[in-house]
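> model the structure of this input:
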Amino acid sequence: MKKAFWLLPVLFALPALAVIPRFWEVRTYDQFRQGELERLSVTSDGEIVLAPRVDLIFETDEPLILSAVVDSSGNIFLGTGHEGRVYRVSPDGDGAVLADLPELDVFALALDGDDNLFAATSPDGKVYRIGDDGAAVPFFEPEVTYIWSMLFDDEGRLLVGTGNDGVIYRVDPDGAVDVFYDSDETHIITLALDGNGDLIAGGDPRGYLYRISDDGDPFVL
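Here you go, the predicted model:
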C-alpha cells in the first residue's frame, strides 16, 4: 500500500513533464515579411543577423532626403525634395535650413577640399555654391534637366553626372568647363573615385558601370 501511495505523485507529474512540439512554417516571402524584426536584419540570402544600431539624429519634416555629405567637423548637410532645401545638422543633432533653392530637388551635394558646399538641383539642372551664411551663388549651369551626382577629384575639379543626355562634365576651380565623357546612357546616376583616382560612373537605363581614366578614356566594367 505504501508503494502505491509513493507512485501517485509520479503519475500526476508525468503530464506536466510532457512537451508538445509546435511547428510554424513560412513558405513565402509575403508570409515572412508579416513578422516584426527587433534589432535584426535579413540578408539577401535569407540569413538573419544582428542589425546595426540606429539612432534618430534629426527630422527635417521634408518628404524626401535625396543627398547627404559630412564635412571635416562632423556637420551633416542634407539635400531634400520637393522644396529644394539644404539643411545643416551639427554633430550634436541641432539642425536648420541652410539654403532654400529655387528648384524642386537637391539630388547631389559635394564638398571641396576646404569644406565649401556645392548643391545640384533638378529639374532645372544647376550647381550652386553655398556659403556658411546660406547664400547660394550659381557656379555651373549646364542647361540639362537633371544633375544626379557630383564629386571632387584629387585635383579639386568638380565632376557632374547629368541626364537626360548622360554627360559627365568636369569643372575646374576657376569655372572652366569641359565635357569629360559623353556616355551611351540617359542618366549618370552615381559617381565615385577608385584607389587609382579613376572615375567610376553608374548609368541608367542600361545599368552600365564605367571606369573612366583622367583623359576621359572609358572602360565598361
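> any idea how far the closest residue to residue 110 other than its chain neighbours lies from residue 211?
Closest residue in space to residue 110, ignoring its immediate chain neighbours: residue 150 at 4.1 Å, by Cβ to Cβ, 6 or more residues apart in numbering. (C-beta placed from N, C-alpha, C; glycine too.) Residue 150 sits 18 Å away from residue 211, going by Cβ to Cβ, to the nearest Å.
> go on, residue 218?
In terms of Cβ to Cβ, residue 218 sits 7 Å off from residue 211.
> so which of those two has more stuff around it?
residue 218 (19 against 15; other Cβ atoms under 10 Å).
> and the spatially most central residue of the chain, what pLDDT?
In the chain, the residue lying closest to the centroid (Cα atoms, centre = their mean) is residue 67, at 6.7 Å. We have a pLDDT of 98 for residue 67.
> so what does the lengthiest strand in the chain touch, helix or strand wise?
Ranked by residue count, the top strand of the chain under DSSP state E comes out as strand 136-144. Here strand 136-144 touches strand 125-130, strand 158-163, strand 167-171, going by 3 or more Cβ pairs under 8 Å, 6 or more residues apart in numbering; DSSP states H and E.
> so can I have TSV of these showing distance to residue 22, mean neighbour count and mean pLDDT?
Below are those laid out as TSV (distance: least, Cβ to Cβ, whole Å; neighbours: other Cβ atoms under 10 Å; pLDDT from 0 to 100):
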stretch	distance to residue 22	mean neighbour count	mean pLDDT
strand 125-130	59	20	97
strand 158-163	54	25	98
strand 167-171	58	21	97
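> can I get the ones you listed in a markdown table including distance to residue 81?
Putting the helices and strands packed on strand 136-144 into a markdown table (distance: least, Cβ to Cβ, whole Å) gives the following:
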| stretch | distance to residue 81 |
| --- | --- |
| strand 125-130 | 14 |
| strand 158-163 | 15 |
| strand 167-171 | 22 |
